[in-house]
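*Asks:* attaching a predicted model along with its sequence, questions to come.
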Amino acid sequence: MKDPKLSIRPILEVSSNTADERFQNETLRPILKLQHSLLLKLYFTSMQQQKWKVENMSEERFQEHVNASLSKDISLRNQVIGLVIGMFTDEEFEIYQPKKNEFNKRIMGMAKKRIIDSAHEIKKLR
C-alpha cells in the first residue's frame with residue numbers, strides 16, 4: 001500500500017547523480033515545497049517572539065538575520081527539521097537516519113534559501 005503522504009507532495013523534475021542527491025530531490029525538496037507556507041509562518045512567529053520587526057528590514061539585514069537565527073537558535077532549527085521529518089514515510093526515515101547530520105545540513109540550507117527568497121511573503125504576514 002502506497003503511503004498517502006506521497007500523494008500530496010509536488011513532483012519536481014530535478015536530476016540527481018548520487019543516492020543522497022536523489023533523496024534530497026525526491027524527498028526533501030518536495031516536502032519543503034509542500035510545507036512552504038508553514039515554514040514561513042514558523043519563521044515569522046520566531047521573529048515576533050524575538051521582537052524583530054521584519055517590515056522595515058533591508059534585504060541584506062534580513063538575510064543576515066535568517067542565517068544567524070537558523071544557525072544559532074537550536075529550537076527553531078529543530079522545528080524546521082521536524083517540519084520535514086514529520087512528512088517522511090517509514091522507508092524515507094530509514095534512509096534518513098544513518099545520515100541524519102548530512103541531511104539536516106541539506107534541510108537547513110534549503111530552508112534558509114527558501115525563507116530568504118520569500119522575504120516579501122514574510123513581510124506580508126501578520
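*Replies:* Noted; the coordinates are in hand.
*Asks:* and the helices in the chain?
*Replies:* For the chain, applying DSSP state H gives helices covering 4-8, 19-23, 29-34, 36-49, 59-72, 74-85, 90-96, 100-117, 119-124.
*Asks:* packing partners for the fourth one?
*Replies:* Helix 36-49 is packed against helix 59-72, helix 74-85, helix 100-117, helix 119-124, with contacts defined by 3 or more CB pairs under 8 Å, 6 or more residues apart in numbering; DSSP states H and E. Where C-beta positions appear, they are placed from N, C-alpha and C, glycine not excepted.
*Asks:* and the third one, how far out from the chain's middle?
*Replies:* To tie it back to what came earlier, the one meant is helix 100-117. Counting by CA atoms, centre = their mean, to the nearest Å, helix 100-117 is centred 6 Å from the centre of its parent chain.
*Asks:* would you format the helices of the chain as CSV with mean neighbour count included?
*Replies:* Formatted as CSV, the helices of the chain follow (neighbours: other CB atoms under 10 Å):
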stretch, mean neighbour count
helix 4-8, 11
helix 19-23, 14
helix 29-34, 19
helix 36-49, 16
helix 59-72, 14
helix 74-85, 16
helix 90-96, 13
helix 100-117, 16
helix 119-124, 14
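*Asks:* dump those to JSON lines, plus mean pLDDT.
*Replies:* Output for the helices of the chain, formatted as JSON lines (pLDDT from 0 to 100):
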{"stretch": "helix 4-8", "mean pLDDT": "75"}
{"stretch": "helix 19-23", "mean pLDDT": "92"}
{"stretch": "helix 29-34", "mean pLDDT": "96"}
{"stretch": "helix 36-49", "mean pLDDT": "92"}
{"stretch": "helix 59-72", "mean pLDDT": "91"}
{"stretch": "helix 74-85", "mean pLDDT": "96"}
{"stretch": "helix 90-96", "mean pLDDT": "96"}
{"stretch": "helix 100-117", "mean pLDDT": "96"}
{"stretch": "helix 119-124", "mean pLDDT": "84"}
